[in-house]
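1. Turn this into a model:
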Amino acid sequence: MTRSLLRLAAAAAPLLLATGAASAQPQDPHAGHVMAPAPAGTPAPATADPHAGHDMSTMAMPAARTVPADPHAGHDMSTMAMSAPQTTPADPHAGHVMAPAPAPAPAATPPAADPHAGHDMSTMAMPAPESAPVDPHAGHDMSAMRGQAADPHAGHDMSGMTMGPPDTPTGADNAGRPPQAAPPAAARRGPTHAADVYFPASQMVAARRLLITENGDMHTTALIIDRLEAGFGGDEDSYLWDAQGWSGGDINRFWWKSEGEGAFGDGLEKAEVQALYSKAILPFWDLQAGIRQDYRPDGDDTTHLVLGLQGLAPYWFEVDAAAFLSTQGDLTARVEAEYDQRITQRLILQPRFEVDLAASDIPELEIGSGVSSLEAGLRLRYEIRKEFAPYVGVEWTRAFGASRDFIEARGDDAEDTKFVVGLKAWF
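-> Residues are numbered from 1 along each chain as shown. The predicted structure follows:
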């Protein structure tokens, strides 16, 4: 009996193993479906069994996983109309011959089978692909539609037009602005100064006089020593001074000037003093008029009427030009110009020029007509303070025309160059 049972168990063991292996394979979800045949010439994909030829009778098989049954198993769905999927895009690999995938490791979960593998989906209606929204105005003629206001100057040539200033509420009368309405008649009535309505006239006159004094009519006094120097070289060593000053306000001033020169050991050669009334005629220019008195130890003293112009020319050239009419009727002129070229805050290079002219020959003064003499100097000064600056430099002098003849007749040179040392100051 025992032997009979053992033989029966040995005979049934292969059947049991085969039954367990069969139940471990996933169930075909399309079992019983009527499938459309694949297109002719398409090879059927086949996956080689990795265990073909192996004796697996003695191997322990893992427990089969439960696969949910196909709800459509055994149904005939050949006559059913398949609706196009609403959101699922078409399978891009439908009908493709796919290379067999490698067999998964025993412990890995087998991949789910493609539910559409081998299906003929050529007759199925596919949803339209998503695209950009259609322009609702495409092809419409919108030229007559009312939209943004058209530019009133479109197509006009405005290159020759002059654009005026902006229309701002100011009192300026500009041609580019629209015409302004005239002020009301009441605005032109009443006193010139509105304060006269509320204060007595005597008080307002005194107040306006004080306002003028405090805003430009203050009196000041200045003394400027432009050149106080000694010259070395040439025929003899010499000395020279050139000073001026004023007293008064910004508009009206009393102005005085003084120049003189001589030789060390020989005394004073000549000197002059000017007393002038100066009036500001432009922001940087004063018109000056007065008298000039000359002193000459070796000759006659001379008096002149003076009319001059002094001020600051463009590019910061300080100019002093004057015409002189002597009591003997001799007309002469002098033009001086100098320029301060600032090298540092304290070091300044100053070129200076002076030209003397005469309308006729004046033998007693050794002056010839035309350009009688020219001086050109270059001085480098150092401002210890703004009011006190010593300098060194060089000065070249030359006489022309009859003046040169007068100088050479008395045995002197008509051309001279000197090295100068001096001081510039003001108080």
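
2. average pLDDT for the host helix or strand of Gln203?
-> Gln203 belongs to helix 201-214 when assigned by DSSP states H and E. If you average the pLDDT over helix 201-214, you get 87.

3. Identify the residues contacting it?
-> For helix 201-214, contacts defined as CB atoms under 8 Å, 6 or more residues apart in numbering pick out His193, Ala195, Asp196, Phe199. Any C-beta I mention is one placed from the backbone N, CA and C, and that applies to glycine too.

4. need the contact list for Tyr197.
-> Let me fix one detail, which is that residue 197 is Val and not Tyr. With CB under 8 Å, 6+ apart, Val197 has these contacts: Gly190, Pro191.

5. Quote the end-to-end distance of stretch 188-202.
-> Taking CA to CA, to the nearest Å as the measure, stretch 188-202 stretches 23 Å from start to finish.

6. buried stuff in it?
-> Counting neighbours by 16 or more other CB atoms under 10 Å, one finds that stretch 188-202 has no buried residues.

7. now stretch 237-244
-> Ser238, Tyr239, Leu240, Trp241, Asp242, Ala243, Gln244.

8. Phi first, then psi, for Pro363.
-> Phi and psi for Pro363, reported as degrees, to the nearest 10, are phi -60, psi -40.

9. Surely it is in contact with Asp405?
-> No: Pro363 lies out of contact with Asp405 (CB atoms under 8 Å); the separation is 10.1 Å.

10. The two: which has the busier surroundings?
-> Asp405 (14 against 9; other CB atoms under 10 Å).

11. CA atoms only for the host helix or strand of that one - export them in PDB, please.
-> Secondary structure assignment for Asp405, by DSSP H and E: helix 401-409. Extracted in PDB, the C-alpha atoms of helix 401-409 (Å, rounded to 0.1, in the frame of the first residue of the first chain):
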ATOM      1  CA  GLY A 401      60.300 153.800 -36.100                       C
ATOM      2  CA  ALA A 402      61.300 157.300 -35.000                       C
ATOM      3  CA  SER A 403      61.400 156.200 -31.400                       C
ATOM      4  CA  ARG A 404      64.200 153.800 -32.200                       C
ATOM      5  CA  ASP A 405      66.000 156.500 -34.000                       C
ATOM      6  CA  PHE A 406      65.700 158.900 -31.000                       C
ATOM      7  CA  ILE A 407      67.100 156.200 -28.600                       C
ATOM      8  CA  GLU A 408      70.000 155.200 -30.800                       C
ATOM      9  CA  ALA A 409      70.900 158.900 -31.400                       C
END
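
12. Which residues does it contact?
-> Helix 401-409 is contacted from outside by 361, 363, 366-373, 398-399, 413-414, using CB under 8 Å, 6+ apart.

13. continuing past that helix, what's the next helix or strand?
-> Next along the chain after helix 401-409, taking DSSP H and E as the criterion, comes strand 415-426.

14. Contact partners for the closest residue to Arg398 other than its chain neighbours?
-> Excluding the flanking residues, the one nearest Arg398 by CB to CB, 6 or more residues apart in numbering is Glu415, at 4.5 Å. With contacts defined as CB under 8 Å, 6+ apart, the neighbours of Glu415 are Trp396, Thr397, Arg398, Ala399.

15. Return the distance of Glu415 relative to Leu223.
-> The gap separating Glu415 from Leu223 is 34 Å, by CB to CB, to the nearest Å.
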